[in-house]
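Student: fold the stuff below for me.
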Amino acid sequence: MSKYDKIELARWVVKKGKQAGADDISVDVIKDRSISVDFRDGKMEELKESSQNYLSLSVYADHRYTSHTTCDLNKDSLEKFISEAVAMTGYLNEDPYRSLPDPKYYKIRNDIDLGIHDDHYYDVTSEQRVKIARDLEAATSALSDKIVTCNASYSDSRAEFVKINSNGFEGERQSTYFGVGVETTVKDVHGGRPGDYDYIGSRFFKDISSLERLGRTAFKRAMQKIGQKKIESGVYDMIVENRALTTMLAGIRYPLTGSYLYRKNSCFENKLGEKIASGKLTIIDDPYLKAGFSSQLYDNDGMATKKRALFEKGVLKSYLIDWYYSRKLNMEPTTGSESNITFALGSRSPEEMIRDVKQGIFVTQFVGGNSNSLTGDFSYGIVGLYVKDGEIVHPVNEMNISGNIMEIWKNLAEVGNDPYQYSSIMRPSMYFKDVHFSGI
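Tutor: This is a model prediction of the structure:
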């Protein structure tokens, strides 16, 4: 089904939905394909391919709302599907805030090339996919006899989207993704089996290169965990590695959303314009980032995206408000979710920051824990490396950090120069002062 076939089908669905009695209709027609290959210990463990075409239908009728999905795109079947969907909507309770967005929010930037589609996607062969995973597993396993097990994987995907809202929005996009990763487990003389991984991803197949370093990095990180032990509880400096920082960022992300604000479950309520974090913290939502993993011209509602600051030098600048919650909160909509998240960077690497630590922990992983979005209180398990007088002493685990969002982000002392490249959240490593650790 071509792009134009999808657009024609979506327009037809909108027409049939209105004829069936809906006030408004939103239609998404999606085609996606994904392939993955896994090699473990010299043998292919898994080879998967999936392709699907499906249609998602949102119905707005008499202040009622339902959503429906089908993989049967035959028009005869769809006509019955649409009429039943509209009929079922009538059984729900009224919700006066349910509607499609005001069309004034639909003015998307069609002059921007996001660079998120590899036009050579179909040139990649099955032999290439298998060879990448097989060769990476073999090269990594050969690094040391201390490796107990090794798993290497390759994956790619391609997706086509068409979205049409009955009150004037039409949008479409195509995207591709390629990823390669490897995980190793090593022998510990004390009987443990520590492991770690490394990974790269890209919108373009040509950027999947220099894979040998993945195995070396995964092996090195696993070896660094041998001899893990707790240290005494206390207040220490903490540097969080860029890979691990998403856990802490989630603690400040959820309280920004419209659903949390509406339920009075956000520690950021009524704090727009206030400085609630260190001046080192600037977070930008950039939907137009070239080849970004979440680059987009419009959001899930069809509203045009905009580049904006969430935090600027510690000041809260924007919430994440979709159209529905903008009406419930009587606030201007922004969008219900982030796109690409970037940060104002510092000038030093994690290794350079470590040299300034008198006594602290370089956190490489968070394990479990929780964060209370209303009070801001949090507690997370950590894995990392104990640092004293600027030198790494030994690995640590089975320790926790605890505190409050409002306090720990004020204690952000430095931001690294190493944004993580293989995620839509391009976070750098960060240095925090005076963090409470629980250990021995």
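
Student: quick one: the strands in the stretch 1-150 of the chain, in order.
Tutor: Assigned by DSSP state E, counting those that start in this stretch, the stretch 1-150 of the chain shows strands spanning 24-40, 43-61, 64-70, 147-165.

Student: nearest to residue 342, out of these?
Tutor: Of all these, the one in closest proximity to residue 342, counting by C-beta to C-beta, is strand 147-165 (23.3 Å). C-betas here are computed from N, CA, C, even on glycine.

Student: list the strands paired with the closest one, with their directions.
Tutor: Applying DSSP bridges to the sheet, strand 147-165 is found paired with strand 24-40 (antiparallel), strand 170-186 (antiparallel).

Student: and the last one, C-alpha only, in PDB?
Tutor: Right, strand 170-186. The C-alpha trace of strand 170-186 is given here as PDB (Å, rounded to 0.1, in the frame of the first residue of the first chain):
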ATOM      1  CA  GLU A 170      -3.300  15.700   7.300                       C
ATOM      2  CA  GLY A 171       0.200  14.500   7.900                       C
ATOM      3  CA  GLU A 172       2.500  11.700   6.900                       C
ATOM      4  CA  ARG A 173       6.000  10.500   7.600                       C
ATOM      5  CA  GLN A 174       8.400   7.600   7.000                       C
ATOM      6  CA  SER A 175      11.200   6.500   9.400                       C
ATOM      7  CA  THR A 176      13.900   3.800   9.700                       C
ATOM      8  CA  TYR A 177      16.000   2.600  12.500                       C
ATOM      9  CA  PHE A 178      19.000   0.300  12.900                       C
ATOM     10  CA  GLY A 179      20.600  -1.000  16.100                       C
ATOM     11  CA  VAL A 180      23.400  -3.300  17.100                       C
ATOM     12  CA  GLY A 181      24.300  -4.400  20.700                       C
ATOM     13  CA  VAL A 182      26.300  -7.000  22.600                       C
ATOM     14  CA  GLU A 183      26.100  -8.300  26.200                       C
ATOM     15  CA  THR A 184      28.700 -10.300  28.000                       C
ATOM     16  CA  THR A 185      28.900 -12.200  31.300                       C
ATOM     17  CA  VAL A 186      32.200 -12.900  33.000                       C
END
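
Student: what's the first helix or strand after that strand?
Tutor: Sequence order places strand 195-202 as the next helix or strand after strand 170-186, per DSSP states H and E.

Student: and that next one, what's its mean pLDDT?
Tutor: Mean pLDDT, strand 195-202: 96.

Student: same check, this time on stretch 389-400
Tutor: Rounded mean pLDDT across stretch 389-400 is 94.

Student: what sits up against it?
Tutor: With contact meaning C-beta atoms under 8 Å, 6 or more residues apart in numbering, stretch 389-400 is reached by 224-231, 354-359, 361-362, 367, 369, 379-387, 437-439.

Student: name the residues that touch stretch 104-119?
Tutor: Stretch 104-119 is contacted by residues 158, 165, 168-169, 171, 173-176, 178, 203-206, 288-292, 295-298, 301-305, 323, 333 when judged by C-beta under 8 Å, 6+ apart.

Student: any of these buried? List them.
Tutor: Among those, the ones that count as buried by 16 or more other C-beta atoms under 10 Å are 158, 165, 169, 171, 173-176, 178, 203-205, 288-289, 292, 295-298, 301-305, 323, 333.

Student: show me what counts as buried in the host helix or strand of residue 253.
Tutor: Here residue 253, judged by DSSP H and E, is contained in helix 246-253. Across helix 246-253, burial judged by 16+ other C-beta under 10 Å covers 246, 247, 248, 251, 252, 253.

Student: count of neighbours near the residue nearest to the second one when sequence neighbours are not counted?
Tutor: Of all residues beyond its chain neighbours, the one nearest residue 247 is residue 366 (4.0 Å), with distances taken as C-beta to C-beta, 6 or more residues apart in numbering. Taking other C-beta atoms under 10 Å as the criterion, the count of residues near residue 366 is 20.

Student: what of residue 187?
Tutor: 17.

Student: that one and residue 150, how far apart?
Tutor: According to C-beta to C-beta, to the nearest Å, residue 187 stands 13 Å off from residue 150.

Student: and residue 341, by the same measure?
Tutor: Taken as C-beta to C-beta, the span from residue 341 to residue 150 is 32 Å.

Student: these two: who's more crowded?
Tutor: Using other C-beta under 10 Å as the criterion, residue 341 and residue 150 rank with residue 150 on top: 27 against 22.

Student: next, the contact list for that one, please.
Tutor: Taking C-beta under 8 Å, 6+ apart, we find residue 150 in contact with 40, 41, 137, 140, 141, 182, 183, 184, 185, 215.

Student: can you give me every residue that contacts the last one?
Tutor: Remark: with contacts taken as C-beta under 8 Å, 6+ apart, residue 215 is in contact with 136, 139, 140, 143, 150, 152, 182, 184, 198.

Student: need these in a markdown table with distance to residue 211, can you?
Tutor: Output for the contacts of residue 215, formatted as a markdown table (distance: C-beta to C-beta, whole Å):
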| residue | distance to residue 211 |
| --- | --- |
| 136 | 5 |
| 139 | 8 |
| 140 | 9 |
| 143 | 13 |
| 150 | 13 |
| 152 | 9 |
| 182 | 8 |
| 184 | 14 |
| 198 | 10 |
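
Student: pLDDT of stretch 231-248, averaged?
Tutor: Across stretch 231-248, the average pLDDT comes to 96.

Student: same question, stretch 338-356
Tutor: In this model, stretch 338-356 has an average pLDDT of 97.

Student: now residue 238: how far from residue 131?
Tutor: Residue 238 is 41 Å from residue 131, where distance means C-beta to C-beta.

Student: more neighbours: which of these two?
Tutor: A side-by-side neighbour count of residue 238 and residue 131, using other C-beta under 10 Å, places residue 238 first with 25 against 13.

Student: distance check, the more buried one against residue 156.
Tutor: Distance of residue 238 to residue 156, computed by C-beta to C-beta: 37 Å.

Student: cool, and residue 329?
Tutor: For residue 329, the distance to residue 156 equals 40 Å [C-beta to C-beta].

Student: more neighbours, the two?
Tutor: Taking other C-beta under 10 Å, residue 329 and residue 156 do not tie; residue 156 has more neighbours (22 against 16).

Student: so what's the more buried one bridging to?
Tutor: Taking DSSP bridges as the rule, residue 156 bridges to residue 35, residue 178.

Student: residue 143 contacts residue 216, correct?
Tutor: Yes. Counting by C-beta atoms under 8 Å, residue 143 does reach residue 216; the two are 6.7 Å apart.
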